[in-house]
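Engineer: Dropping a prediction and its sequence here:
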Amino acid sequence: MITAGIDMGSRSIKVVLLEELNVNGAPQLKYGVKKVHIMMPGDLDQDVAADKAYDEALASAGLKRDDVKVVFATGAGRKQVGFATEGITEMTAGAKGAVFMYPQARTVVDVGAEEGRGMKTDAEGRAIDFAGNEKCAAGAGSFAEAMSRALQMTLKEFGEASLLSDKSIPMNAQCTVFAESEVVSLIHSATPKNDIAKAVLDAVASRVCAMVRRVGIEGEVVLIGGMVHNAGFVQSLKVAMGVDAISLPDMPEYISALGCAMIAAERQH
Amino acid sequence: MIANYGYKDGSGEYYISIDTDKCIDCAAGRACLTACPKQMFEIITDDYDDEVAWIKKPNCRTLSYDCADCKPSGGYTSLPCMTACTPGAIKHSW
Amino acid sequence: MNAEVTAAPVVAETVPEKKEFWRWQENVWIDETKDWKTAKIVTCGIDVGSVSSQAVLVVDGELYGFNSMRTGNNSPDSATNALQGVMDKCGMKLEDIHYVVGTGYGRVNVPFAHKAITEIACHARGANYMGGNGVRTILDMGGQDCKAIHCDEKGKVTNFLMNDKCAAGTGRGMEVISDLMQIPIAELGPRSFDVDVEPAAVSSVCVVFAKSEALGLLKAGYTKNKVIAAYCQAMAERVVSLLERIGVEEGFFITGGIAKNPGVVKRIEKILGIKAMETKVDSQIAGALGAALFGYTLMSKKAAAA
């Protein structure tokens, strides 16, 4: 049986095709991923974009729509996916995917472009508690992105620069717009770029961490979502959370879509 | 005067209100100062020369995070600051 | 001799203008009908905000002059520059001022101030002077904050809230749109009414997300004016929700830079069903004016006690 999970994020759409095989009586999962970038909200209509992403994913796997038993959708734009049977929350999907990849994980942190959230999970990958930072750019990747633009660096360079700093400059501004002015005055007062980068990533990490603390930090911690690619952020988060290690999946942006496809499969039994 | 400290942003509305009239001759011995685990309260002389409590400036901007530990998500039984303030000057909006 | 004078074509030196669309009108004003030299008490209020700074001179309890300018990178300099601007206009020197009160975000940085008073109390006092003792609810949309204040007939604060955490509903939020649309900030308000049909507000409270939404609306075919209108509507709704936390009583007065933006003001009035009171005085000076008036009261007490 093949199921599909589609994650309608605010920045990009992720599709995961999941095949459940029976190998000697034990179910095994095989999955393929496909990512599509939508430029800005409104560039394409969300439902048109979803169709496009899905068809591209199927084509790259050599499948047709009929080959897929059921499609579930998650993410901010999940209601726009006409061909999805059900929509599930990012919390549920993210928790499921993360625990599948890391069976000992009990604390899942999801930091995407526009939302940061923390989930407490059980052994089956169910989100038993969660806290999120929705609709405020300061609590998610957009903050780091805006600041990296102010410093005229790519987000990657920004992350790497922050690792070179050992200072902890606190930021007064808690808002992305005000922080941009603050970063400009830090630049004017000749603060080294590395220190500024670290200050910014520390700030996002502390906000994300506050969300996670609301559900409690227990057991193995997994980070999912695009910010996994930012080594500086991961380091800042480790320090903020007070943990030695955070598990980082290989394709972190797809974990929610994967969880979504898994739940679709589960619900067919 | 009712002083509201905190903010509203995309994620929600978080204010701690202090009724300074009840604060002026504090009947609780300024218990709020020690009751708050993050020590967010401070006594200041306000613009009308009264000694009242307020929330420290940096905390005003991170109220939802700072108060999170006292509020289990999904309901709380009691907040240390509100319990300590017997005159009832302190209120939380969330 | 018929000299055919062919004037050489005048080539205007075209310096590519680096347009700063957020620039609003800075101004200095003095009441020419008064003479400060004959006054008993001269006081000054300095409001150093994160975006703008004002210096106001009050002579025997009456408004005499003010200077409103953009805050530079250095707070103490802003205070000095603001004051110098208005003093220069009337030949005054610092020694001529009996009492200086500093207020605003940078009030600790007014080196020559006798006292610092919060911008909440100062705005209430200033609004009470500008709008009269019928003022009860004050909305101040500043450069990096948004305040809702209740006051009594004397301008004493009875309830307030101040939001300086989030850019939504502040001047900086407006500057972001001004830059995005490449339209001078003073034109945004009038342009927001030049639309075929009033659009719904942009759905995001957050300025960063609203900016992306605005770009999306443009791509979807909205005219610039319509996007501005949607943004002004969102700001108005946001500000009204802040006001509703403390309630709006008639005697509604708006101060701060955005008071000059009819696009936001008219929409706020429409949502509330209440008209804002008129002011003949520049709305941005309310804080500094209140500070100067506090100075007058304090100085009068000192003089009486002496």
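Structural biologist: Cool, the structure landed. Numbering: from 1, shown residues only, chains lettered A, B, ... in the order given.
Engineer: Number of residues surrounding residue 57?
Structural biologist: Unless you meant another one, I'm taking chain A. When counting by other C-beta atoms under 10 Å in any protein chain shown, one arrives at 24 neighbours for residue A:57. C-beta here means a position set from N, CA and C on the backbone, and glycine is covered the same way.
Engineer: wrong one, chain B
Structural biologist: 11.
Engineer: Kindly provide the distance from it to chain A.
Structural biologist: Separation of residue B:57 from chain A (C-beta to the nearest C-beta, to the nearest Å): 9 Å.
Engineer: Residue 67: neighbour count?
Structural biologist: Using chain A. Neighbours of residue A:67 (other C-beta under 10 Å): 14.
Engineer: Switch to chain C, please.
Structural biologist: Residue C:67 has 26 neighbours, counted by other C-beta under 10 Å.
Engineer: next one: residue A:68
Structural biologist: Neighbour count of residue A:68, defined by other C-beta under 10 Å: 22.
Engineer: I'd say it and residue A:1 touch.
Structural biologist: No - here residue A:68 does not reach residue A:1: they are 9.1 Å apart, not a contact under C-beta atoms under 8 Å.
Engineer: Up against chain A, what does chain B have?
Structural biologist: B:9-11, B:58, B:61-62, B:64-66, B:68-69, B:71-74 (C-beta under 8 Å from any C-beta of the partner chain).
Engineer: Buried ones from those residues, can you make that a ChimeraX selection?
Structural biologist: Selection of buried members from the residues of chain B next to chain A for ChimeraX, criterion 16 or more other C-beta atoms under 10 Å in any protein chain shown:
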select /B:9,10,11,61,62,64,65,66,68,73
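Engineer: Among the residues of chain B next to chain A, name the ones in strands.
Structural biologist: Judged by DSSP state E, the residues of chain B next to chain A include residue B:9 as members of strands.
Engineer: filter the residues of chain B next to chain A down to the ones close to chain C.
Structural biologist: Within the set of those, contact with chain C (C-beta under 8 Å from any C-beta) is found for B:9, B:10, B:61, B:62.
Engineer: Residue A:172 falls within a helix, correct?
Structural biologist: No - using DSSP: H, G, I helix; E, B strand; the rest coil, the assignment for residue A:172 is coil, not a helix.
Engineer: close to chain C, is the host helix or strand of residue B:54?
Structural biologist: Using DSSP states H and E, the element containing residue B:54 is strand B:51-55. No - Strand B:51-55 does not reach chain C (C-beta under 8 Å from any C-beta); its nearest approach is 10.1 Å.
Engineer: Can you list the helices and strands that that strand packs against?
Structural biologist: Packing partners of strand B:51-55 (3 or more C-beta pairs under 8 Å, 6 or more residues apart in numbering or on different chains; DSSP states H and E): strand B:2-9, strand B:12-19, helix B:20-23, strand B:41-45.
Engineer: For these, please prepare a markdown table with the additional fields mean pLDDT.
Structural biologist: Below are the helices and strands packed on strand B:51-55 laid out as a markdown table (pLDDT from 0 to 100):
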| stretch | mean pLDDT |
| --- | --- |
| strand B:2-9 | 93 |
| strand B:12-19 | 92 |
| helix B:20-23 | 93 |
| strand B:41-45 | 93 |
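Engineer: which one of these lies closest to residue A:107?
Structural biologist: Ranking the helices and strands packed on strand B:51-55 by proximity to residue A:107 (C-beta to C-beta) places strand B:12-19 first, at 22.6 Å.
Engineer: who touches the closest one?
Structural biologist: With contact meaning C-beta atoms under 8 Å, 6 or more residues apart in numbering or on different chains, strand B:12-19 is reached by B:1-8, B:52-55, B:63-64, B:67, B:81, B:88-94, C:161, C:245.
Engineer: tell me the contacts of the residue of the stretch 151-269 of chain A at minimum distance from chain B?
Structural biologist: In the stretch 151-269 of chain A, the residue found nearest to chain B is residue A:210; the distance is 3.5 Å by C-beta to the nearest C-beta. Counting by C-beta under 8 Å, 6+ apart, residue A:210 touches B:62, B:64, B:65, B:66, B:68.
Engineer: wait, which of those is closest to chain A?
Structural biologist: The closest of these, once distances to chain A are taken by C-beta to the nearest C-beta, is residue B:65, at 3.5 Å.
Engineer: Excluding sequence neighbours, find me the nearest residue to that closest one.
Structural biologist: residue A:210 (3.5 Å; C-beta to C-beta, 6 or more residues apart in numbering or on different chains).
Engineer: And the one you found, its phi and psi?
Structural biologist: phi -60, psi -40 (degrees, to the nearest 10).
Engineer: what's the spacing between it and residue B:43?
Structural biologist: Distance check for residue A:210 against residue B:43: by C-beta to C-beta, to the nearest Å, it reads 26 Å.
Engineer: Show me where the chain dips below the pLDDT cut-off.
Structural biologist: Just so you know, I chose chain A. Along chain A, segments meeting pLDDT under 70 span A:23-28, A:33-44.
Engineer: my bad, chain C
Structural biologist: Across chain C, the ranges flagged by pLDDT under 70 are C:1-19, C:74-75.
Engineer: Might you enumerate the residues of it proximal to chain A?
Structural biologist: Counting by C-beta under 8 Å from any C-beta, chain C comes close to chain A at C:50, C:73, C:144, C:165-167, C:172-173, C:176, C:204-209, C:212-213, C:215-217, C:219-220.
Engineer: Restrict those to those that also contact chain B, please.
Structural biologist: Contacts with chain B within the residues of chain C next to chain A, counted by C-beta under 8 Å from any C-beta: C:165, C:166, C:204, C:205, C:206, C:209.
Engineer: nearest spatial neighbour of the fifth one, skipping sequence neighbours?
Structural biologist: The shortest distance from residue C:206 to any non-neighbouring residue, by C-beta to C-beta, 6+ apart, is to residue B:10 (3.9 Å).
Engineer: for the second one, same thing?
Structural biologist: Distances taken as C-beta to C-beta, 6+ apart put residue B:9 closest to residue C:166, at 3.8 Å, once the chain neighbours are dropped.
Engineer: for the one you found, what are its contacts?
Structural biologist: A:135, A:136, A:138, A:175, C:165, C:166, C:168, C:205, C:206.
Engineer: so what's the residue nearest the centre of chain A up against?
Structural biologist: Residue closest to the average C-alpha location in chain A (C-alpha atoms, centre = their mean): residue A:225, at 1.8 Å. Residues near residue A:225 by C-beta under 8 Å, 6+ apart: A:94, A:110, A:111, A:112, A:141, A:252, A:253, A:255, A:256.
Engineer: Where strands are concerned, which of those residues count?
Structural biologist: The members of the contacts of residue A:225 that map onto strands under DSSP E are A:110, A:111.
Engineer: and which of the contacts of residue A:225 is nearest residue A:72?
Structural biologist: Nearest to residue A:72 out of the contacts of residue A:225 is residue A:256 (C-beta to C-beta; 10.9 Å).
Engineer: Verify the assumption that residue A:73 is located in a strand.
Structural biologist: Yes - assessed with three-state DSSP, residue A:73 lies in a strand.
Engineer: Can you tell me how far it is from residue C:179?
Structural biologist: 35 Å.
Engineer: Return the residues of the stretch 101-250 of chain C in contact with chain B.
Structural biologist: Within reach of chain B by C-beta under 8 Å from any C-beta, the stretch 101-250 of chain C has these residues: C:117-118, C:120-121, C:156-166, C:168, C:204-206, C:209, C:241-242, C:245-246.
Engineer: Identify the residue spatially nearest to residue 87, adjacent ones excluded.
Structural biologist: In the absence of a named chain, this looks at chain A. Distance criterion C-beta to C-beta, 6+ apart; nearest residue to residue A:87, sequence neighbours excluded, is residue A:78 at 4.0 Å.
Engineer: Correction: the question concerned chain C.
Structural biologist: The shortest distance from residue C:87 to any non-neighbouring residue, by C-beta to C-beta, 6+ apart, is to residue C:93 (6.6 Å).
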